[in-house]
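Undergrad: Mind folding the following:
(2 chains)
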Number of protein chains: 2
Amino acid sequence: MTENQETSLGLQDNTEVLQRISERLTERFTGVFAAETIERYVFESYTALARTAKITTHLPATTEHFVTDRLNALAKSKGAIDTDVPEVLFVCVQNAGRSQMAAALLTVEAKGRITVRSAGSQPAAELDPAVVTAMSEMGLDLTRNYPKPLTDDVVRASDVVITMGCGDSCPIYPGKRYEDWELPEPANQPLETLSTRHRRHGTHATRPRRHQGQGHQALRRIELGRLDLIPLALRVHNPKRTLSTKERTLLPPQQGPFGASARSIRWKATWRSTSSRHTVLSATMLT
Amino acid sequence: MTENQETSLGLQDNTEVLQRISERLTERFTGVFAAETIERYVFESYTALARTAKITTHLPATTEHFVTDRLNALAKSKGAIDTDVPEVLFVCVQNAGRSQMAAALLTVEAKGRITVRSAGSQPAAELDPAVVTAMSEMGLDLTRNYPKPLTDDVVRASDVVITMGCGDSCPIYPGKRYEDWELPEPANQPLETLSTRHRRHGTHATRPRRHQGQGHQALRRIELGRLDLIPLALRVHNPKRTLSTKERTLLPPQQGPFGASARSIRWKATWRSTSSRHTVLSATMLT
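TA: As a prediction, this is how the structure comes out:
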């Protein structure tokens, strides 16, 4: 018996391997979820990923990873997992750039103190390769990440949901904090426009910045228990110019509502271009 | 207690109404599916529709319709519903034009002898308004239809799956018939291009037609028990010219593999323009 069956159209029947994944997860979540629920999660997650995925070679393995995370989120929201680790969800349209970068940065900064997820309202076929490259230069490996559709379970589990231009697409539950950040998509930003804006507005962080007629960029602070998140203003600079470390810092050290004893999590997004044709994304972590 | 709770962002919390939908469906599918499975179906279906829907006013009602259909499909594939009515699924990218039209036409033609569904790999925000108008002129009301994401359950329930340019996005199960029809999306077809092709290729149905470099349009017959489906070649005509009934028929009456006793289901798609700016879709049913 082979792993995958091929049909006359050359397409793969992954039923057997998905059944085995269902069995493994049913054992893992014994007493939390019924086998029927888990099988449905596995097959529907596979279908949801297959709809938009560009490369389907590793789709069963990706499905297992995605389902495990979804079931953990659901178990937490049902109280089946006892944890006081706060959960943050970043949502953008494609889950290929902004939300992936935000999640990666916060994961590193949080050092296990926050569970971080990301999702997209209309997931892309793959991560923006320029984003993967830029993050790789910072030592963050996103090569195994994949765009994920926004699901109910991860919203339920979250304490803070941060949407980026797709607030309407997210289910609303009471008791959560919802924020919408106006961060433009890096892939669609022409370099010249961004650079012009940079020069016009200067770099002082407390001065709101304008993006594509969306009004002023609000700097919002997320107070999350004893952890604070601050989305810093987007920083745009000329690719021919090297920024000093000092220049990269747009806001003074954040004090937080709990004073010196508070643990502060801060991050910012910085646009950068590594080619003359496209604007790519980079990021700076503040420690 | 109101139906919906509004958050500070002005977004609606539909938890209560979705819970009531779950309770209704749990009662309806007693002995078939566990309450846990149904609740997950309701909330995940709502989230999936909300991700892409343009108008969210009636989303809970749409969710109930969508979930009922999905659960019926799943029940059939599990053998919980005893039926010998064959099921056909049309899948295109947006589930906003081609697959909706194909499903509507076949539903009318089948007169209850086939269960027909449609879905999209990347569902649009709404049906193509031009398609709704064109179908309305034929007496087919698509105003309550909505783009639906392709799900595992409807594929499982189907005897025939007909994809239109998105074959890779569909899960493969043994024992089903998969077909890929090369029908271009009406919304993206400039009228002039279509008209030119029409003139170049003539109207003889047995002669394969060429579409956008996709090679020859194969005329495939779907043998479905005692029912046959034939996708007729696309017919393109000048909007200033009225076609006679005779002209609309591209293929001679289909005999079917079971001779004169077989019930034949045939349909065709005809492109038509009702404005100088856009090509819209019309359709002709052959009885």
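Undergrad: How about the residues of the stretch 51-200 of chain A by chain B?
TA: Residues of the stretch 51-200 of chain A lying near chain B by C-beta under 8 Å from any C-beta of the partner chain: A:51-52, A:56, A:74, A:121-122, A:149-153, A:155, A:167-174, A:178, A:180. The way it works is simple: take the backbone N, C-alpha and C, and place the C-beta from them, glycine included.
Undergrad: how about a cut-off of 6 Å?
TA: Listed as neighbours of chain B in the stretch 51-200 of chain A under the rule C-beta under 6 Å from any C-beta of the partner chain: A:51, A:121, A:150-152, A:169, A:171-172, A:174, A:178.
Undergrad: quick one: secondary structure of A:E126?
TA: coil (DSSP: H, G, I helix; E, B strand; the rest coil).
Undergrad: Could I get the pLDDT score of the closest residue to A:A75 other than its chain neighbours?
TA: Setting aside the residues directly before and after it, A:A75 is nearest to A:I81 in space (C-beta to C-beta, 6 or more residues apart in numbering or on different chains), at 4.7 Å. According to the prediction, A:I81 has pLDDT 87.
Undergrad: neighbours around A:I81, how many?
TA: Close neighbours of A:I81, defined as other C-beta atoms under 10 Å in any protein chain shown, add up to 15.
Undergrad: With the one 3 residues further on instead?
TA: The tally of other residues near A:D84 (other C-beta under 10 Å) stands at 5.
Undergrad: Also A:Y41?
TA: Neighbours around A:Y41, by other C-beta under 10 Å: 27.
Undergrad: Leaving out the residues flanking it, which one is nearest to it?
TA: Leaving out its chain neighbours, the residue that sits closest to A:Y41 by C-beta to C-beta, 6+ apart is A:V67, at 5.1 Å.
Undergrad: cool, A:S77 as well?
TA: Nearest to A:S77 is A:R156, by C-beta to C-beta, 6+ apart, at 3.8 Å.
Undergrad: pretty sure that neighbour is touching A:K78, no?
TA: No - judged on C-beta atoms under 6 Å, A:R156 makes no contact with A:K78 at a distance of 8.5 Å.
Undergrad: I figured A:V154 hits A:A73, correct?
TA: Yes - proximity of A:V154 to A:A73 meets the contact threshold set by C-beta under 6 Å, at 4.7 Å.
Undergrad: More neighbours: the two, which one.
TA: A:V154 (26 against 23).
Undergrad: Quick check: A:M164 touching A:W181?
TA: Yes - counting by C-beta under 6 Å, A:M164 touches A:W181, with 5.2 Å between them.
Undergrad: then stretch A:87-99 to CSV, C-alphas only?
TA: C-alpha atoms of stretch A:87-99 as CSV (Å, rounded to 0.1, in the frame of the first residue of the first chain):
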residue,chain,number,x,y,z
GLU,A,87,-2.6,34.8,23.1
VAL,A,88,-2.3,37.3,20.3
LEU,A,89,-3.6,36.9,16.8
PHE,A,90,-2.4,39.0,13.8
VAL,A,91,-4.7,39.0,10.8
CYS,A,92,-4.0,40.5,7.4
VAL,A,93,-5.6,39.8,4.0
GLN,A,94,-3.1,37.3,2.6
ASN,A,95,-1.2,36.1,5.7
ALA,A,96,1.9,36.3,3.4
GLY,A,97,3.6,39.5,4.7
ARG,A,98,2.5,41.8,7.5
SER,A,99,0.8,39.4,9.8
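Undergrad: Find me the pLDDT at A:T143, would you?
TA: The model's pLDDT for A:T143 equals 92.
Undergrad: again with the one 4 residues further on
TA: Taken from the predicted model, the pLDDT recorded for A:P147 is 96.
Undergrad: for the one 4 residues further on, same thing?
TA: Per-residue pLDDT puts A:T151 at 97.
Undergrad: what about A:V88, helix or strand, and which?
TA: strand A:87-92 (DSSP states H and E).
Undergrad: counting contacts, what elements does that strand pack onto?
TA: If you count contacts as 3 or more C-beta pairs under 6 Å, 6 or more residues apart in numbering or on different chains; DSSP states H and E, strand A:87-92 packs onto helix A:98-110, strand A:115-120, strand A:160-163.
Undergrad: looking at those, which is closest to B:R117?
TA: Ranking the helices and strands packed on strand A:87-92 by proximity to B:R117 (C-beta to C-beta) places strand A:115-120 first, at 25.5 Å.
Undergrad: That closest one to strand A:87-92, inter-axis angle?
TA: 20 degrees (axes from the mean of the first three to the mean of the last three C-alpha atoms, to 10 degrees).
Undergrad: for strand A:115-120, packing partners?
TA: strand A:87-92, helix A:98-110.
Undergrad: Return the member of those having the minimum mean pLDDT.
TA: Lowest mean pLDDT within the helices and strands packed on strand A:115-120: helix A:98-110, at a mean of 80.
Undergrad: What separation do you get for A:V67 and chain B?
TA: 12 Å (C-beta to the nearest C-beta, to the nearest Å).
Undergrad: what residues does the one helix or strand that residue maps to touch?
TA: Per DSSP H and E, A:V67 falls inside helix A:59-77. Residues outside helix A:59-77 that contact it (C-beta atoms under 6 Å, 6 or more residues apart in numbering or on different chains) are A:14, A:17, A:21, A:29, A:32, A:41-42, A:45-46, A:81, A:146, A:151, A:153-154, A:156-157.
Undergrad: what's the closest of those residues to B:A102?
TA: Once C-beta to C-beta is applied, the member of those that ends up nearest B:A102 is A:Y46, at 25.1 Å.
Undergrad: isn't there a strand covering that closest one?
TA: No - assignment of A:Y46 by three-state DSSP gives helix, placing it outside any strand.
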